[in-house]
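S.K.: Sequence first, then the predicted structure:
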Amino acid sequence: MRITVWVLATLSLAGSALAQGVDAGRAGVARSAGGRAPDSVAWTPLGLSAPVSDRQRALAPIASLVLPGSGQWLLRQDRFLGYVAVEALAWWKYTTDVHERAAQVEQYKDIARRVARAQFSAAPRDTAWVYYEWMRDYLESGQYSLSATGPVSPETDPTTFNGSRWVLAQSSHALYADQLAEYERTAVKPEFRWSWRNAQFQYDVYRRYTDKRNDANRAAVADLLVIGANHVLSMVDAFATMRLQVRAEAGGRTSVGAMIQW
């Protein structure tokens, strides 16, 4: 058995077409064979200016979730153009921001390779973004080991990255063996060593490039959020149009009903 539940909200249309006020709220349950409202109810789909099939109404929310605006197009609603425009603009903006991020990445990697890392490696290897953040935060990486031979002797200068790792390892572990193991795990190895000493101008340029990279990355994430919101809003809009219906009441009032079937 299918039961159609109608929830009615009555709006009072008073004064003129531009002045609307809430008159009263009413709720009721109507049942009929086949799950349809009684013929005397005379409900009309909310916001639909042209008739659409039941299949179109059922597919509209799913279509809108996949491609914003497509559900509104199925329902013959002109506002599908708004969802399509937002989707196209957001994807264009996302593509632009991703390209800008990639361009800034190339810039800061190039200056790091030519200036900060060149004196330690003839062909520096690339690595993860977090490494370049360390290069941004510390003027020098420091040595991995102060001893050229034998066991690792940690960097002791706390102003360097490796020195700061050793300080952190000492504060995190009581035993020297554990401290050394932590240091060896987190410290920068010789092949990734860097120094911006005597290259303050290039260091400032490098930091500006990383700032721009971060700005572009944040913008790209925001673009994806807009795209996701557009998909959800279009789906909710199509679902509301599919379920909400209206009818004229006595006294110039209009009732809005929500239909739920099971």
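M.R.: Nice, I can see it.

S.K.: The stretch 51-200 of the chain: helices as residue ranges?
M.R.: Ranges of helices in the stretch 51-200 of the chain, per DSSP state H, counting those that start in this stretch, are 54-66, 70-74, 80-111, 129-137, 161-172, 176-186, 200-243.

S.K.: Now do the buried residues in the fourth one.
M.R.: Taking 16 or more other CB atoms under 10 Å as the neighbour-count basis, helix 129-137 is seen to contain the buried residues 131-132, 134-136. Bear in mind the C-beta positions are built from the backbone N, C-alpha and C, glycine included.

S.K.: Those residues into CSV, with extra columns for distance to Trp91?
M.R.: Listed next are the buried residues of helix 129-137 as CSV, based on distance: CB to CB, whole Å:
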residue, distance to Trp91
Tyr131, 31
Tyr132, 28
Trp134, 34
Met135, 33
Arg136, 30
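
S.K.: Give me the pLDDT for the residue positioned nearest the centre of the chain.
M.R.: Centre of the chain computed as the mean C-alpha position; nearest residue by CA atoms, centre = their mean is Leu225, 3.2 Å away. Turning to Leu225, the model gives it a pLDDT of 97.

S.K.: how near is it to Asp215?
M.R.: 16 Å (CB to CB, to the nearest Å).

S.K.: Against Leu81, how distant is the closest residue to Tyr203 other than its chain neighbours?
M.R.: Counting by CB to CB, 6 or more residues apart in numbering, Tyr203 lies nearest to Trp196, which is 3.9 Å off, once chain neighbours are set aside. According to CB to CB, Trp196 and Leu81 sit 52 Å apart.

S.K.: Which one's more surrounded, these two?
M.R.: Trp196 (21 against 12; other CB atoms under 10 Å).

S.K.: Would you check that my belief about that one contacting Glu140 is correct?
M.R.: Yes: contact status for Trp196 versus Glu140: in contact at 6.9 Å, counting by CB atoms under 8 Å.

S.K.: Could you pull out the residues contacting both of the two?
M.R.: The overlap between the contact sets of Trp196 and Glu140 (CB atoms under 8 Å, 6 or more residues apart in numbering) is empty.

S.K.: so who does Gly69 touch?
M.R.: 80-84, 87, 234.

S.K.: Might you list the low-confidence residue ranges for the stretch 1-150 of the chain?
M.R.: 1-52 (pLDDT under 70).

S.K.: go again using 80 as the cut-off
M.R.: Scanning the stretch 1-150 of the chain for pLDDT under 80 picks out 1-58.

S.K.: how close does Arg101 get to Gln179?
M.R.: Taking CB to CB as the measure, Arg101 falls 38 Å from Gln179.
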